[in-house]
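In: can you look at this prediction? I've put the sequence above it.
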Amino acid sequence: MGRRLKHSDKSQLRTEALRRRDALDPVFRIECATAIAAHASLIGVNDGEIVAGYMPIRSEIDPRPLMHALVTRGARLCLPAVIDRTTIVFREMTKETPLVDTGFGTIGPGPDAAPMQPGIVLLPLAGFDKAGHRLGYGAGHYDRAIARMREAGRGPQLIGLAFSMQECDAIPAAGHDVPLDAVITENGLRRFDPPA
Ligand SMILES: Nc1nc2c(c(=O)[nH]1)N(C=O)[C@@H](CNc1ccc(C(=O)N[C@@H](CCC(=O)O)C(=O)O)cc1)CN2
Ligand SMILES: Nc1ncnc2c1ncn2[C@@H]1O[C@H](COP(=O)(O)OP(=O)(O)OP(=O)(O)O)[C@@H](O)[C@H]1O
């Protein structure tokens, strides 16, 4: 008999993982952002491949050096924007795109930017475990966006970005949780087994 999933299990893991992430020193953060960019060649990027990055908030690992490395390998970039309490969309980011407030403390392209369907999504993590289960901030924004893309037959590759100390013992996964394909930390890229 599986144990019933308690909401508190996940929120406590999230609180602890975010506390560890918040405590990292600024020089180590720069080293890690540089290190994950050095692993760019481990992500297969086709020419013109659309990659969803993010603009870091709170104590998230800075994905911008990696985003730049992927552009030099042929990627086109987009960023998430919150359009209502439960929905995010992805919008194209070019050199000319002005960045505006896109909700929850984020900045990104405004409603004039082209909507995009990314083939690869880089997800900022609060925590992850060895099965590829993921903790975000608990709003379910990425889970819903990915579910929608899968329903439309366009399931993107999901690559979490994290500091290695964000690994957790075991994150209880609810039915709506979509596991990661891989995680990149300062130590390298790790692929997860597809769910059985
Ligand atoms: N950099 C970045 N961009 C992103 C996300 C993200 O996690 N990181 N998102 C991923 O979904 C979406 C935005 N969703 C977010 C949802 C909650 C919080 C957050 O910090 N929540 C606070 C409560 C803040 C409030 O109520 O105003 C919290 O968890 O304490 C941030 C972003 C799209 N863009
Ligand atoms: N596909 C979905 N359809 C409906 N509700 C969903 C879906 N995915 C997630 N939710 C809801 O979103 C809430 C947050 O989910 P969860 O705790 O997994 O967040 P998270 O993975 O930390 O957040 P995020 O996806 O924003 O990074 C839950 O209340 C969940 O029921």
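Out: Noted; the coordinates are in hand. Ligands and ions are numbered 1, 2, ... in the order given.

In: what residues sit buried inside the worst-scoring helix or strand of the chain on mean pLDDT?
Out: Within the chain, no helix or strand scores below helix 7-22, which has a mean of 92 by mean pLDDT, DSSP states H and E. Buried residues in helix 7-22, defined by neighbour count with 16 or more other C-beta atoms under 10 Å: 10, 13-14, 17-18, 20-21. Any C-beta I mention is one placed from the backbone N, CA and C, and that applies to glycine too.

In: with stretch 156-165 instead?
Out: Buried residues in stretch 156-165, counting neighbours by 16+ other C-beta under 10 Å, are found at 156-163.

In: okay, that stretch in PDB with CA atoms only?
Out: The C-alpha trace of stretch 156-165 is given here as PDB (Å, rounded to 0.1, in the frame of the first residue of the first chain):
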ATOM      1  CA  PRO A 156       9.700  19.300 -24.900                       C
ATOM      2  CA  GLN A 157      12.900  17.900 -23.300                       C
ATOM      3  CA  LEU A 158      13.000  18.900 -19.700                       C
ATOM      4  CA  ILE A 159      16.400  19.900 -18.300                       C
ATOM      5  CA  GLY A 160      16.500  21.100 -14.700                       C
ATOM      6  CA  LEU A 161      19.300  23.500 -13.600                       C
ATOM      7  CA  ALA A 162      20.500  23.400 -10.000                       C
ATOM      8  CA  PHE A 163      23.300  23.600  -7.600                       C
ATOM      9  CA  SER A 164      24.300  20.000  -6.600                       C
ATOM     10  CA  MET A 165      23.400  20.700  -3.000                       C
END
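
In: can you put the buried residues of stretch 156-165 in a markdown table and add pLDDT, secondary structure and distance to residue 45?
Out: Shown next, in a markdown table, are the buried residues of stretch 156-165 (pLDDT from 0 to 100; DSSP: H, G, I helix; E, B strand; the rest coil; distance: C-beta to C-beta, whole Å):
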| residue | pLDDT | secondary structure | distance to residue 45 |
| --- | --- | --- | --- |
| 156 | 97 | coil | 13 |
| 157 | 97 | strand | 10 |
| 158 | 98 | strand | 15 |
| 159 | 98 | strand | 11 |
| 160 | 98 | strand | 17 |
| 161 | 98 | strand | 15 |
| 162 | 98 | coil | 20 |
| 163 | 98 | coil | 23 |
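
In: ok, so of those residues, who is nearest ligand 1?
Out: Relative to ligand 1, the closest of these is residue 161; by C-beta to the nearest ligand atom it sits at 10.2 Å.

In: low pLDDT regions in this structure?
Out: Along the chain, segments meeting pLDDT under 70 span 1-8.

In: so for the protein, the centremost residue is which one?
Out: Nearest residue to the geometric centre of the chain (C-alpha atoms, centre = their mean): residue 123, 0.4 Å.
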